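Colleague: need a structure here:
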Amino acid sequence: MRNIANIKPSTILVSLMHNAKLSNAVSRTALRDAENQWCKHITKPRCNRDQQVLLDVADQLRLIIVQVSQRRCRINPPQWPALVRLEADLRAAYLANINLEALLDTVAANSDHSEVA
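Modeller: Purely as a prediction, here's the structure:
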């Protein structure tokens with residue numbers, strides 16, 4: 001079993017944006033919206049993040065999966081497994097309450113905890 005905590009949804013979403021070649025405008029919009037939501041999510045400090053965003057992004061990806069499955073949209077075949085896996089991983093991370101792509105806590109340069117060069 002894969003370690004879900006190590007996935008990088010932002011990298012996968014950017015790769016999908018560039019390589020999926022979705023043929024349907026609804027699916028392209030859903031992918032763009034998912035990527036935008038994720039970018040906003042990961043820029044927030046960990047304590048201010050809403051895990052519901054994982055489900056929101058997964059729902060956008062599910063829309064694409066349904067459209068491709070119903071042959072309403074075409075996708076570049078090598079990108080299909082990445083799309084399906086990302087959707088499943090986001091749902092699993094939500095259920096396990098895993099914080100994906102956690103930002104490192106920043107320390108002020110003049111604080112007692114900063115390193116001296």
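Colleague: C-alpha from now on. contacts and neighbour counts both.
Modeller: Fine.
Colleague: ok, Y94 - contacts?
Modeller: Q51, Q52, L54, L55 (CA atoms under 8 Å, 6 or more residues apart in numbering).
Colleague: Can I get those in a markdown table including neighbour count?
Modeller: Listed next are the contacts of Y94 as a markdown table, based on neighbours: other CA atoms under 10 Å:
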| residue | neighbour count |
| --- | --- |
| Q51 | 17 |
| Q52 | 11 |
| L54 | 26 |
| L55 | 18 |
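Colleague: Pick out whichever of these sits closest to V14.
Modeller: The nearest member of these to V14, counting by CA to CA, is L54 at 16.2 Å.
Colleague: Can you tell me the element that closest one falls in?
Modeller: Using DSSP states H and E, L54 maps to helix 52-69.
Colleague: So which elements touch that helix?
Modeller: Other helices and strands packing on helix 52-69, by 3 or more CA pairs under 8 Å, 6 or more residues apart in numbering; DSSP states H and E, are helix 25-43, helix 80-95.
Colleague: related to what we said a few turns ago, a markdown table please, covering the contacts of Y94 and showing distance to I64.
Modeller: Converted to a markdown table, these look like this (distance: CA to CA, whole Å):
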| residue | distance to I64 |
| --- | --- |
| Q51 | 21 |
| Q52 | 19 |
| L54 | 16 |
| L55 | 14 |
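Colleague: Can you list the low-confidence ranges for the chain?
Modeller: 1, 103-117 (pLDDT under 70).
Colleague: List the contacts of the spatially closest residue to E87 that is not a sequence neighbour.
Modeller: In this structure, E87 finds its nearest non-sequential neighbour in A58, 4.9 Å apart by CA to CA, 6 or more residues apart in numbering. Applying CA under 8 Å, 6+ apart to A58 gives the contacts A34, L86, E87, A88, L90, R91.
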